[in-house]
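A.B. asks: With the input below, show me the fold.
(chains A and B)
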Amino acid sequence: MNNKVNEHLKQLIREAVQKSIQDKSFDSKEIPAVILTTPKNPEHGHLSTNIALQLAGFLKINPRQIANLIVQEIDKKNETIIKKIEVAGAGFINIYLKSTVLHQVLNEIMIKGEHFGCSDIGKGERIMIEFVSVNPTGPLHVGHGKCAAVGDALAKILKAAGYKVTTEYYINDHGKQMDILGESVLARYRELLGEEIEFPENGYQGEYIGSLAKDIKEEYQEQFSDKDVLANIQFFKEYARKKILQDIRDDLNTFGVEFDNWFSEESLYISNKVQPVIEQLLKEKYVYRHKGALWLKAAEFGDEKDRVVIRENGEPTYFASDIAYHDDKYKRGFKTLIDIWGADHHGYIKRMKAAIKALGYNPDSFQALLVQFVTLIKEGKIVGMSTRGGKFVTLKNLLEEVGKDVARYFFLMHSHDSHTEFDLDIAKSQSMENPVFYIQYAYARICSIIKKGKLNDIVLDDKIKEEINLELLNKKEELELIKKLANFRKVVEKSAINWKPHMVASYLHELAAEFHKYYTEYKVISEDKNLSGARLYLVHCVKIVLENALSLLGIKAPEKM
RNA sequence: GCGCCUGUAGCUCAAUUAGGAUAGAGCAACGGACUUCUAAUCCGUAGGCUGGGGGUUCGACUCCCUCCGGGCGCGCCA
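C.D. replies: Numbering: from 1, shown residues only, chains lettered A, B, ... in the order given. This next block holds a predicted model:
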């Protein structure tokens, strides 16, 4: 229900609880918070609370008895919005609202439009979400796609819930990996020139390396044929970095993912931000020297063991720049840091938290959201995904095969922390098995109804909106649909609090189902102009909510299919 | 060995912010509904000891312990 109604009822219940407890002189140090839920079963009313059951816990009294007392108190007040209030089951209190309260929801949706579903539970708190962040040594694959979808949707959901969100991509463009990248491309280039060379031991095997070499050869001919390898490698490294990074940006763009910031690891060194942080930790004695290297006392802060920050050879580790990077995030004013990582990085969480504690920040303000792996299924078989050999399905491939909307929905429809399957054949099929089309179809159907309304001179202009009689919406399916719509804001809030975008995806499917059911049962546009107007009003609200929910997931709402 | 994730219908997954009412959808199976605003839809039937066992309580898919099965980690790699 709308927020005001909810708060009002909660207050009402709270007072009734206090009153009934006072009267019976129960000792109640702490009354639990009133929780109002919307029951799945329509027979359980529009709203329900389990407060009596919770009270029974520490009052040691029959919950139904308490519930009865509370209901009596509320009944005395003669609330205008309540149709019926009763005790049911083990001691639940079910509330039935007057239909005008439900209808009011539709007006709210109409007025708020694209903002319906937004709330301010985030209170403007600044959150940084960092995701994808793969080093520019190769193309994005399917696994990165899931991280991208989750991060992007989460950012949108948190924004809708009133947080001030910044998204960032951390470019790991410093260190050995980049050198190996340069060497790999150079090696392929020299092969193209007909030289017999040994491919670097840990070199990148993927085909894209060869194609980069080819590009260079076409553009620069044999300019780098001399044996001054060291001088050339710098060029190859830089060339490959730029090119691959650009490809990553392009892929993400087609995937509908845009970042507020791209933050380069190298830039931390250029602006000298790593060294001071290490020195600070050294001064505070959280870093010590051992076997020629510098170690962070990570074990002291909850990690399994201490970790090297500066190697024996004087080179900082990846961890060192990561500490500086996260320190920088806090210094930029973010209160909560969310890093979205692939599940294979979970071992890194304790280390990172230890560092954050050592820096003097609250370790709870940093959270790593682990995204479990996706298993790709093609023709009923698992598609192997070995990164090492350079054999993997790229995000680009996937997008070419199934398109942005389908890919995003498939990544988002299941909880990010359970490992799930991605069936390419279902994703590609334009059939009933495909939930994306099911949802989009609902939207397209509404557009079609609106079009038909126009042909019959039934249009929702301001005048009609004024005259509309929402009481005509009294069918069971209509009231269920309205209840579903009313729930949207709660769903967004919950999805934001739990950092679980899939909740919005599930909701979308449920809303679409509710609409399809209604659609087959009743005609919106009919001879009866008043009824048509009211129903058109209703489906227009469904359209708005479908659109809002889809946009939180970054999926298109097509007018025609 | 230690750590993180996970086990729910034949298959793929849900289950409402610290436990709540009869554990829900989709697909597949079977039987129905198109002169209609798009049948990419809807209605019905069938399908479950929520991996096993114990515990906590008015009440457990949810919390605790234990065992079994699957995935992933445990570098002076990133």
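
A.B. asks: Report how many residues lie close to A:Y169.
C.D. replies: 23 (other Cβ atoms under 10 Å). Every residue, glycine included, has its C-beta placed from N, CA and C.

A.B. asks: and the helix or strand it falls within, what does it pack onto?
C.D. replies: In this structure, A:Y169 sits in strand A:164-171 according to DSSP states H and E. Here strand A:164-171 touches strand A:126-130, helix A:142-160, strand A:261-264, helix A:265-270, going by 3 or more Cβ pairs under 8 Å, 6 or more residues apart in numbering; DSSP states H and E.

A.B. asks: who touches that strand?
C.D. replies: A:122, A:124-133, A:135-136, A:151-152, A:155, A:158-159, A:245, A:258-266, A:325, A:334 (Cβ atoms under 8 Å, 6 or more residues apart in numbering).

A.B. asks: Buried subset of those residues as a ChimeraX selection?
C.D. replies: Buried subset of these, written as a ChimeraX selection, criterion 16 or more other Cβ atoms under 10 Å:
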select /A:122,127,128,129,130,131,132,133,135,136,151,152,155,158,159,245,259,263,264,265,325,334
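
A.B. asks: RNA strand B is nearest to which of the helices and strands packed on strand A:164-171?
C.D. replies: helix A:265-270 (7.1 Å; Cβ to the nearest atom of the strand).

A.B. asks: and that closest one, average pLDDT?
C.D. replies: Taken as a whole, helix A:265-270 carries a mean pLDDT of 95.

A.B. asks: closest to A:P501 out of the helices and strands packed on strand A:164-171?
C.D. replies: With Cβ to Cβ, the closest approach to A:P501 among those belongs to helix A:142-160: 3.9 Å.

A.B. asks: what angle sits between that closest one and strand A:126-130?
C.D. replies: 170 degrees (axes from the mean of the first three to the mean of the last three Cα atoms, to 10 degrees).

A.B. asks: can I have helix A:142-160 written out in PDB, keeping just the CAs?
C.D. replies: Extracted in PDB, the C-alpha atoms of helix A:142-160 (Å, rounded to 0.1, in the frame of the first residue of the first chain):
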ATOM      1  CA  VAL A 142      30.200 -14.200 -20.000                       C
ATOM      2  CA  GLY A 143      31.200 -14.200 -16.300                       C
ATOM      3  CA  HIS A 144      32.100 -10.600 -16.500                       C
ATOM      4  CA  GLY A 145      28.800 -10.000 -18.100                       C
ATOM      5  CA  LYS A 146      26.900 -11.300 -15.100                       C
ATOM      6  CA  CYS A 147      29.000  -9.000 -12.800                       C
ATOM      7  CA  ALA A 148      28.200  -6.100 -15.100                       C
ATOM      8  CA  ALA A 149      24.500  -6.800 -15.100                       C
ATOM      9  CA  VAL A 150      24.300  -7.200 -11.400                       C
ATOM     10  CA  GLY A 151      26.400  -4.100 -10.700                       C
ATOM     11  CA  ASP A 152      24.500  -1.900 -13.100                       C
ATOM     12  CA  ALA A 153      21.100  -3.000 -11.900                       C
ATOM     13  CA  LEU A 154      22.100  -2.700  -8.300                       C
ATOM     14  CA  ALA A 155      23.300   0.900  -8.900                       C
ATOM     15  CA  LYS A 156      20.000   1.800 -10.500                       C
ATOM     16  CA  ILE A 157      18.000   0.100  -7.700                       C
ATOM     17  CA  LEU A 158      20.000   1.800  -5.000                       C
ATOM     18  CA  LYS A 159      19.500   5.200  -6.700                       C
ATOM     19  CA  ALA A 160      15.800   4.600  -6.800                       C
END
